[in-house]
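A.B. asks: Please find the sequence and the predicted model below.
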Amino acid sequence: MTNLVEIRALTVEATTDSGRKIQILKGIDLDIAAGETVAFIGESGSGKTTAAMTLLGHARPGCRISGGTVKVDGHDMATLPEKERAALRGTTVAYVPQSAAAAFNPASTIMDQVIEVTRIHRLMPPDEARRRAVALFRALSLPDPDGIGDRYPHQVSGGQLQRLAAAMALIGDPKVVIFDEPTTALDVTTQVEVLRAFKAVTAQHRIACVYVSHDLAVVAQIADRIMVLRNGAVQETGSVHDILTRPAHPYTQELLHAFHPDTGGREALPVADSAAPLLEINTLSAGYGPPQSNGQPLVLAVKGVSLQVKRGTNLGIIGESGCGKSTLARAIAGILPACKGDIQFNGKELWHSARQRSHDQLRDLQIVFQHADTALNPAKSIEDILGRPLTFYHGLRGKARDARVDALLDMVRLPRALRHRRPAELSGGQKQRVNFARALAAEPKLILCDEITSALDTVVAAAVIDLLKELQRELGLSYVFISHDLSVIEAICDEIVVMYRGQTVETIIPADRQPPQHPYSQLLFSSVPKLDPTWLDTLNIDADRMRVA
Amino acid sequence: MTSRVPSLILGRLLIALVTLTIVSFAVFFATTLLPGDTATILLGQAATPEAIAGLRTAMHLDDPALLRFVYWIGGLFRGDLGTSYANHMPVATLISGRLANTLKLAGLTTLVSVPLALTLGITAAMWRRTLYDRIVTIATIGVISVPEFVLATLAVLVFAVYLKWLPALSFTYNVDSFSGLLRAYAMPVITLTFGVSAQMIRMTRAAVIETLNTPYVEMALLKGASRPRMVLRHALPNALGPISNAVALSLSYLLGGVIIVETIFNYPGIAKLMVDAVSTRDLPLIQSCAMIFCFGYLILITTADIVAILSNPRLR
Amino acid sequence: MKTHSSTEPRASTGSRASTGSLTAWSGYRINLVGLAAFSVVLFWALVALFAPYITPHSVGEMIDLDYFGPMRPGLWLGSDYLGRDMLSRIIYGARYTVGISLAAVSIACFTGVVLGMTSAVLRGPVDMVVSRILDAMNSIPSKLFGLMVVAAVGSSIPVLILTLSVIYVPGAYRFSRALAINIDTMDFIMVARIRGERLPYLIASEILPNIIGPVLADLGLRFVFIVLLLSGLSFLGLGVQPPYADWGALVRENIGGLPFAAPAVIVPSLAIATLTISVNLLIDNLPQKIRDRSAS
């Protein structure tokens, strides 16, 4: 036995509610040497998490390992009795979940949960376990390593919980650790810190890692080898360098291509600056909660933001979660009426609340939400979803409406046959196209796009962005594009506004190719992972120092 | 961090108070809208008009309804529940002994059913999808689907008619010996226990299963925890709120249950008193009994909510 | 009788999402228990519907010289305390039990669901006031409410139907409001709102299609509660009044036969039990798709 992990011809089977069986992993082979990090990469539904879970001998409810072997340190996790499997979990193989916030029991303290592994397997006395945990907290550069263990999970931040989950996995001195998309839910600036902490600790203990991710750039920083999965089958396996420079499989090439979006064709602003702006916002403030004595809401999420969108151009708003960018979009759309400031749209002042705006104003300003799953009524057919705004705004019925629905489907490059389907029968990318087509049905002048590519896989998102650009050329629209993802915004926007703590800190025009000036924008821009595997190691930022600035 | 809990509990108590006001309003007006003149009923058809008029003034019967409501509520606070139409005794006297009897019955049922139901509910959740779980589930569905009087009828058939262990329909008030006490209370308590436990088992099972499906329980599994550890250390502490909620809500079933059980077993409790009062249309008695029932119910559901607030670790 | 757990909407878990798209239609499978339960419910529905055509004897006719007679050919379910044919009385009793309950549950659920969806969409003061009042009504135990109404206005079939439906409006309201609030947080409702849609469109076209499955399942459960409450009231002598008799009243009439286990007291009890247990089992074995709050 030469390798720590040896997976041979592994298949996993899922049983549907009707009793039908489907293979979700179709014969996987993989070796992992001690201390090596292998990344499983692929889009959602590719089976990457399922594959990683088999190392723990675990399959989610409804699934089971149906064939092959998963040898970890000489034990076949696929055939071992449950009791012996349990003995290896936490001591030989450990798991770091995607959402640490959900994986911590809200009813007990963090320390109790971190050292639980040592208790279950009787590894060491509690005092020693606690000392060890504190040492790990320190190694993972958590703040207040001595005191953080006494808190409850809801009392610490998401980035900290993710590192605490890693401490929980490492306490039993495992030989293999599975990281299941551990930074996906984090902001880019936090992601950098967490990745660094993971990398340092696993290298120090010479732990083999399986790193499940959809993000090629993140994987490039942390992995030695990459296994590309699609539809439950391995597409290719190779060293990071090989995969990034000489991708053999077409799917890998597509993935890589999606990383270099085409930013050409938007070098100069198409309309002269002298024209009146389409949308102009002056010192707009908005927030949540009951109004206080000063007339402001309890929590002010947007504080005096001013910006302009010129006709036929796109404005990007970027910032991390909680910076107020989505609140700003909601205030512009009138969903969350602003408490102060004014909104000029198409030369007229807009009411703060959508209820008071005119039919035409509502029609001209559309918003598209992030999650097509919840933005499309699951009980209605695509035809009804697209048809309603046609009837509501334009009075179209019968044949005229049908023809227009077909035209809209054509516009977003969807087959016309989809019109009779329901949203649940569509893929994520298709749903997002329908979501967008519904906004187009109104024939608006401006579309607010709230993180519309964030829930999509990289390749699908890139295609949606291309579509948006094309439609803009054809229809002369403007977009306000809200995202936390710089590459998406750079691909489509003429101007980028950086938001931080409810305010705009800087406006950047990509065509000018000027580096950001404000320290926060610098931090944000430099935190976006690059495909270059040396990026993380050479990155010279101190996030905490920058944040204060 | 700790400041939210008192304000939430205070809010819940306030809601209970508002509810109690609305309920007493409803109880008072539902029963005063009745046809028939109270004074005439009290004094009988043969009374002189002067006597009736005198009584009307004494009882504030000519005052506006809202004012009478205020008098009535004031009376409730002083312990003055009015006078029974049927036998002209103070309602408070009629109720006091009966209330104690009903509380005894309810208390005994609680003592039996809570441990029984929690054990069955939690174990059924632990061994979900086993034969044991299926039997428990089907049995509880069977019991909650059946009216209390059918349960009581069945209990009589089994224990009194076929087995001849216990007295059947009449409540023999012979509680001198322990066995006598046991025999006297057995049938009503058995019937009530069935109904209360079935509710409680169902809700407890659902609460535990819900917490067993959370990611943190899966995480415990992936740490190598045994099944008992997953249930006892991870699922149960988080299911505590919903379970206590279930206990309080199921106990509120007692309030409906005793009405039937006291009638069928001829048990001298407050529910029997009320059913009798309905047949004689004894309004003050009905009002008072109704208020006692609503009050008890409100205490239980408010307790359930407060326990849920207290056991939420996120509010700690 | 109130079962709070089963009236609260189920929390939907994301755990099935991974296989959801593959099994979009397979959720409509029905199983054997569900089928058997459905047959029993259908049986009683048909009995209630065709009662006048299938009764062997007139309900009021005393045909047996003996009272509490045993089961025998010609008197398949024995005779009651006056020597009347129990089979005929059960068949007619089905009319009252099923008919009254069905009428009451329809009124209760229609009112509750419309109010619930309206509250969920309007929020704010409307929701507050309606919720408070209905919650207060909910804190009057149902049997007690029935007792009070009967004490106040006496018992007749229209009064019974109305009382039973008033008692179960708050439950239907609570249930549908909770479901509708979950739907209301979805972005597609927001999209419809800022399109400028009005309340009737929002509740009828956007919300109702997404909650109709669980609402119908809830209607079934509430039907069971109403059958139980109606039977309970009749058993106390406060429900259906002679000469009419529903199943609860039949148990009351013949309770004297209990010490010698007469069929006249056992059979109506069994009739109630078969109906309510079947409805409950039917709902418990409904295809997952219908019970869950939305078809996501």
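C.D. replies: Yep, that arrived. Residues are numbered from 1 along each chain as shown, chains lettered A, B, ... in the order given.

A.B. asks: Could you list the residues in contact with the helix or strand where B:A239 lies?
C.D. replies: Using DSSP states H and E, B:A239 sits in helix B:236-251. Helix B:236-251 is contacted from outside by A:105-108, B:106, B:110, B:113-114, B:117-118, B:121-122, B:196-197, B:199-200, B:203-204, B:206-208, B:210-211, B:214, B:300-301, B:303-305, B:307-308, B:310-313, C:2, C:4-5, using C-beta atoms under 8 Å, 6 or more residues apart in numbering or on different chains. Using the backbone N, CA and C atoms, a C-beta is placed for each residue, glycine as well.

A.B. asks: ditto for stretch B:256-267
C.D. replies: B:101-102, B:105-106, B:147-149, B:152-153, B:169-171, B:187-188, B:191-192, B:195-196, B:268-272, B:274-275, C:1-2, C:141-144, C:147, C:232, C:235-236.

A.B. asks: And for stretch C:47-63?
C.D. replies: So stretch C:47-63 is in contact with C:75, C:79, C:82-85, C:87-89, C:91-92, C:94-95, C:97-99, C:243, going by C-beta under 8 Å, 6+ apart.

A.B. asks: List buried residues within these.
C.D. replies: Buried subset of the contacts of stretch C:47-63 (neighbour count, 16 or more other C-beta atoms under 10 Å in any protein chain shown): C:75, C:79, C:83-85, C:87-89, C:91-92, C:94-95, C:97-99.

A.B. asks: What about those, which are in helices?
C.D. replies: Judged by DSSP state H, helices contain the following of the buried ones among the contacts of stretch C:47-63: C:L87, C:S88, C:R89, C:I91, C:Y92, C:A94, C:R95, C:T97, C:V98, C:G99.

A.B. asks: Per-residue confidence, the fifth one, what does it come out as?
C.D. replies: Yep, that's C:Y92 we're talking about. Among the per-residue scores, C:Y92 shows a pLDDT of 91.

A.B. asks: Helix, strand or coil: sort out the residue nearest to it when sequence neighbours are not counted for me.
C.D. replies: Distance criterion C-beta to C-beta, 6 or more residues apart in numbering or on different chains; nearest residue to C:Y92, sequence neighbours excluded, is C:V59 at 4.9 Å. What DSSP: H, G, I helix; E, B strand; the rest coil gives for C:V59 is coil.

A.B. asks: A:D224 versus C:V59, what's the distance?
C.D. replies: C:V59 is 86 Å from A:D224, where distance means C-beta to C-beta, to the nearest Å.

A.B. asks: go on, A:H257?
C.D. replies: Taken as C-beta to C-beta, the span from A:H257 to A:D224 is 24 Å.

A.B. asks: Please apply the same query to B:G74.
C.D. replies: Using C-beta to C-beta, B:G74 is found at 83 Å from A:D224.

A.B. asks: Could you do B:F293 as well?
C.D. replies: 72 Å.

A.B. asks: higher neighbour count, these two?
C.D. replies: More crowded of B:F293 and A:D224, by other C-beta atoms under 10 Å in any protein chain shown: B:F293, with 27 against 18.

A.B. asks: need the contact list for the more buried one.
C.D. replies: B:L255, B:M274, C:I140, C:P141, C:L144.

A.B. asks: What is the burial count for the first one?
C.D. replies: Burial measure for B:L255: 23 neighbouring residues, criterion other C-beta under 10 Å.

A.B. asks: Any stretches of the chain with poor pLDDT?
C.D. replies: Looking at chain A here, since you left the chain open. For chain A, applying pLDDT under 70 flags the ranges A:1, A:17-18, A:260-274, A:541-549.

A.B. asks: that answer is for a different chain, and I need it for chain C
C.D. replies: Across chain C (using pLDDT under 70), the flagged ranges come out as C:1-30, C:288-296.

A.B. asks: residues touching A:L123, list them.
C.D. replies: Applying C-beta under 8 Å, 6+ apart to A:L123 gives the contacts A:T91, A:V117, A:A129, A:G172, A:D173.

A.B. asks: and the third one, how many residues sit next to it?
C.D. replies: It refers to A:A129. 20.

A.B. asks: In which helix or strand does it reside?
C.D. replies: Assigned by DSSP H and E, A:A129 belongs to helix A:126-139.

A.B. asks: Report all helices and strands that that helix contacts.
C.D. replies: Judged by 3 or more C-beta pairs under 8 Å, 6 or more residues apart in numbering or on different chains; DSSP states H and E, the packing partners of helix A:126-139 are helix A:110-114, helix A:116-120, helix A:158-170, helix A:188-204.

A.B. asks: In CSV, list those along with distance to chain C and mean neighbour count.
C.D. replies: What follows is the helices and strands packed on helix A:126-139, written out as CSV (distance: least, C-beta to the nearest C-beta, whole Å; neighbours: other C-beta atoms under 10 Å in any protein chain shown):
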stretch, distance to chain C, mean neighbour count
helix A:110-114, 22, 23
helix A:116-120, 23, 22
helix A:158-170, 18, 25
helix A:188-204, 23, 19
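
A.B. asks: Could you dump these into JSON lines with distance to chain B added?
C.D. replies: Output for these, formatted as JSON lines (distance: least, C-beta to the nearest C-beta, whole Å):
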{"stretch": "helix A:110-114", "distance to chain B": "8"}
{"stretch": "helix A:116-120", "distance to chain B": "5"}
{"stretch": "helix A:158-170", "distance to chain B": "8"}
{"stretch": "helix A:188-204", "distance to chain B": "18"}
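
A.B. asks: Run through the strands of the stretch 151-300 of chain A in chain order.
C.D. replies: All strands of the stretch 151-300 of chain A, identified by DSSP state E, counting those that start in this stretch, fall at A:176-180, A:208-213, A:225-230, A:233-239, A:279-291, A:297-309.

A.B. asks: tell me the domain boundaries of chain A?
C.D. replies: Domains of chain A are assigned by automatic domain parsing as A:5-257, A:295-514.

A.B. asks: can those domains go into a markdown table with extra columns for distance to C:Y53?
C.D. replies: Shown next, in a markdown table, are the domains of chain A (distance: least, C-beta to C-beta, whole Å):
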| stretch | distance to C:Y53 |
| --- | --- |
| domain A:5-257 | 41 |
| domain A:295-514 | 41 |
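
A.B. asks: Tell me which of those lies nearest to C:F188.
C.D. replies: Closest to C:F188 of the domains of chain A is domain A:295-514 (C-beta to C-beta; 4.5 Å).

A.B. asks: Do that closest one and chain C come into contact?
C.D. replies: Yes. Against chain C, domain A:295-514 shows contacts by C-beta under 8 Å from any C-beta of the partner chain at A:333-335, A:354, A:359, A:362, A:367, A:369, A:371, A:373-380, A:388-389, A:392-393, A:422, A:424-425, A:438, A:442.

A.B. asks: Give me the buried entries from these.
C.D. replies: Looks like the residues of domain A:295-514 next to chain C have A:333-335, A:354, A:362, A:367, A:369, A:371, A:373-380, A:388-389, A:392-393, A:422, A:424, A:438, A:442 buried, using 16+ other C-beta under 10 Å.

A.B. asks: Next, count neighbours for B:L20.
C.D. replies: 18.
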